[in-house]
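Student: Provided below for reference: sequence and predicted model.
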Amino acid sequence: MELHRGPLNVDEITNRWYGKLKDKNYGAYIPFIGIVRDENKISGLSFDIYEPILNSWFKAWQEKAKNKDSYLLMAHSIGDVPNHCSSYMSAVASPHRVEALKMISSFVEDFKVSAPIWKYDLINKERVYAKKRSTALKGAGLLK
Amino acid sequence: MELHRGPLNVDEITNRWYGKLKDKNYGAYIPFIGIVRDENKISGLSFDIYEPILNSWFKAWQEKAKNKDSYLLMAHSIGDVPNHCSSYMSAVASPHRVEALKMISSFVEDFKVSAPIWKYDLINKERVYAKKRSTALKGAGLLK
Amino acid sequence: MAKVEFLGPINRESIHVDIKNLNDLKEMFKHDNELVEWLEICAVAVNDTLVSSIDIKIGKSDKISLLPPVCGG
Amino acid sequence: MAKVEFLGPINRESIHVDIKNLNDLKEMFKHDNELVEWLEICAVAVNDTLVSSIDIKIGKSDKISLLPPVCGG
């Protein structure tokens, strides 16, 4: 798991990850690359991350992957990421394709609703919390 | 759709594909990379391809993708590919992640059972047809 | 005193509080009008583990975090 | 005469045959012991389109392809 200030260097990360995995006898390797879309008049997105809980969330997933002889990788941006740049990458390597396809899907979906990352639209150089697109974490409202 | 003699140059293809797509306002880009596993005492795999039917199969999928504002890419090896090298790559780019995850999965699964490609194990420098791992095409047995 | 941190878009400085459990914190925040709308949607972590019971005991060196709705990627 | 090609692992040279439909081809192959096991598992394409009816008419310039079970990737 790696965090980068600003946009991700997709080529560098993709090639480094593949280089690390290719001789480990995995049969299927699936990266997922999230790219900031030019929409809703934003010039980009911005992110805050709470690392301690992100790390433990990722560790738990890595354990799950290990139980299926698989391996997970992830990179995310901190701060501002302009349109058409990548803010999020993840990848799974598995012995076989069926497991890899299943895992990248469930990993990315759980990432969206569980990873402690807050997203802001960049509009007129201001950070506007993307509240409507956000998902309350499990147990939300405990102190209400 | 591109065919290469021998193993695929994963870094070159990944970077070229991403370069081609990154400014097109897709929000999710998912490559799938198949790597030859060292198993069953093989030194590699070898492939025959029937291009006319592969091309029309791929074109039909590209149409399907287009209807969902998505785009598909594919590369495959012809001939011998040693262990730990890639023989198959495909990728989908979509506006949003859910569609992209769904499509890469259904594309790769259909590829396995529909693409007119024949696989051989390389054992002691001989090509042995991987009959047991192969799937009969739709309508098989018409002349029996 | 236990530390309370407000993560992400809540955009508040951390505070230190003298409480015995999360219920005390709930009582303390009850009249903080600005915080009320956050409390409805925030999850709570104690020492970086999400918790689901209001009765959890809080010691002097514990850290409580309020986590608003998330959206990575 | 129509051309018949044997793809992938069948490993046979193409042949040219004088037939009116696929049923004629089936008759012709019936006693080819080596081919029989392939026929059970092969799909058939006429002019590069997979077909599912044995009654399809075959003209002089048509191409028939036998496609064994596949396994790409």
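Tutor: That came through fine.
Student: can we go C-alpha only for contacts and neighbour counts from here?
Tutor: OK.
Student: tell me what the top strand by length along chain A is packed against?
Tutor: In chain A, with assignment by DSSP state E, the single longest strand is strand A:71-82. Here strand A:71-82 touches strand A:2-5, strand A:44-49, helix A:51-66, strand A:86-94, going by 3 or more C-alpha pairs under 8 Å, 6 or more residues apart in numbering or on different chains; DSSP states H and E.
Student: go again using 6 Å as the cut-off
Tutor: strand A:2-5, strand A:44-49, strand A:86-94 (3 or more C-alpha pairs under 6 Å, 6 or more residues apart in numbering or on different chains; DSSP states H and E).
Student: tell me the mean pLDDT for the last one?
Tutor: Taken as a whole, strand A:86-94 has an average pLDDT of 98.
Student: What average pLDDT does the helix or strand following it get?
Tutor: Note on strand A:86-94: by DSSP states H and E, the next helix or strand toward the C-terminus is helix A:97-114. For helix A:97-114, mean pLDDT is 98.
Student: how close does C:Val4 sit to A:Leu137?
Tutor: Plainly put, C:Val4 is 18 Å away from A:Leu137 if you go by C-alpha to C-alpha, to the nearest Å.
Student: no, scratch that, I was asking about A:Asn40
Tutor: From A:Asn40 to A:Leu137 the distance is 25 Å (C-alpha to C-alpha).
Student: So those two - more neighbours on which side?
Tutor: Set A:Asn40 next to A:Leu137 and count neighbours by other C-alpha atoms under 10 Å in any protein chain shown: A:Leu137 wins out with 20 against 8.
Student: Tell me the secondary structure at the residue nearest the centre of chain C.
Tutor: In chain C, the residue lying closest to the centroid (C-alpha atoms, centre = their mean) is C:Leu66, at 4.0 Å. When classified by DSSP: H, G, I helix; E, B strand; the rest coil, C:Leu66 comes out as strand.
Student: Let me see the contact set for it.
Tutor: By C-alpha atoms under 6 Å, 6 or more residues apart in numbering or on different chains, C:Leu66 lies in contact with C:6-7, C:42-44.
Student: Give me the angle between the longest strand of chain A and helix A:97-114.
Tutor: Going by axes from the mean of the first three to the mean of the last three C-alpha atoms, to 10 degrees, strand A:71-82 is angled at 40 degrees with respect to helix A:97-114.
Student: Strand A:71-82 pairs with which strands, parallel or anti?
Tutor: strand A:2-5 (parallel), strand A:44-49 (antiparallel), strand A:86-94 (antiparallel) (DSSP bridges).
Student: Determine the angle, from 0 to 180 degrees, between the following helix or strand past the first one and helix B:10-21.
Tutor: Secondary structure here is assigned by DSSP H and E; on that basis, the next helix or strand after strand A:2-5 toward the C-terminus is helix A:10-21. On the basis of the same axes, to 10 degrees, helix A:10-21 is oriented at 150 degrees to helix B:10-21.
Student: Whether helix A:10-21 contacts chain C - can you check?
Tutor: No - figure legend: helix A:10-21 not in contact with chain C (C-alpha under 6 Å from any C-alpha of the partner chain); closest approach 13.9 Å.
Student: Show the contacting residues for the closest residue to chain B within chain C.
Tutor: Closest contact between chain C and chain B, by C-alpha to the nearest C-alpha, is at C:Gly73 (9.8 Å). Counting by C-alpha under 6 Å, 6+ apart, C:Gly73 makes contact with A:Tyr88.
Student: ditto for A:Leu45
Tutor: Applying C-alpha under 6 Å, 6+ apart, we find A:Leu45 in contact with A:80-81, A:120-122.
Student: a markdown table please, covering these and showing neighbour count.
Tutor: Output for the contacts of A:Leu45, formatted as a markdown table (neighbours: other C-alpha atoms under 10 Å in any protein chain shown):
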| residue | neighbour count |
| --- | --- |
| A:Asp80 | 21 |
| A:Val81 | 23 |
| A:Tyr120 | 23 |
| A:Asp121 | 23 |
| A:Leu122 | 21 |
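Student: export these to JSON lines and tack on pLDDT?
Tutor: Formatted as JSON lines, the contacts of A:Leu45 follow (pLDDT from 0 to 100):
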{"residue": "A:Asp80", "pLDDT": "98"}
{"residue": "A:Val81", "pLDDT": "98"}
{"residue": "A:Tyr120", "pLDDT": "98"}
{"residue": "A:Asp121", "pLDDT": "98"}
{"residue": "A:Leu122", "pLDDT": "98"}
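Student: Closest to B:Asp48 out of these?
Tutor: A:Val81 (44.1 Å; C-alpha to C-alpha).
Student: Verify the contact between the closest one and A:Gly6 for me.
Tutor: Yes - using C-alpha atoms under 6 Å, A:Val81 makes contact with A:Gly6 at a distance of 5.4 Å.
Student: does stretch C:33-48 come close to chain A?
Tutor: Yes - Stretch C:33-48 reaches chain A (C-alpha under 6 Å from any C-alpha) through C:39-43, C:48.
Student: contact partners of that stretch?
Tutor: A:53, A:136-137, A:139-141, A:143-144, C:50-51, C:63-68.
Student: Residues in a beta bridge with the residue most central in space within chain A, which ones?
Tutor: Taking C-alpha atoms, centre = their mean, the centroid of chain A lies closest to A:Tyr88, which sits 4.4 Å from it. Note on A:Tyr88: beta-bridge partners by DSSP bridges are A:Gly34, A:His76.
Student: check contacts around it.
Tutor: A:Tyr88 neighbours (C-alpha under 6 Å, 6+ apart): A:34, A:75-76, C:73.
Student: sorry, back to before: mind listing the residues bridging to the residue nearest to the centre of chain C?
Tutor: Beta-bridge partners, per DSSP bridges, of C:Leu66: C:Phe6, C:Val44.
Student: Give me the distance between it and A:Lys119.
Tutor: From C:Leu66 over to A:Lys119 the distance is 16 Å, taken as C-alpha to C-alpha.
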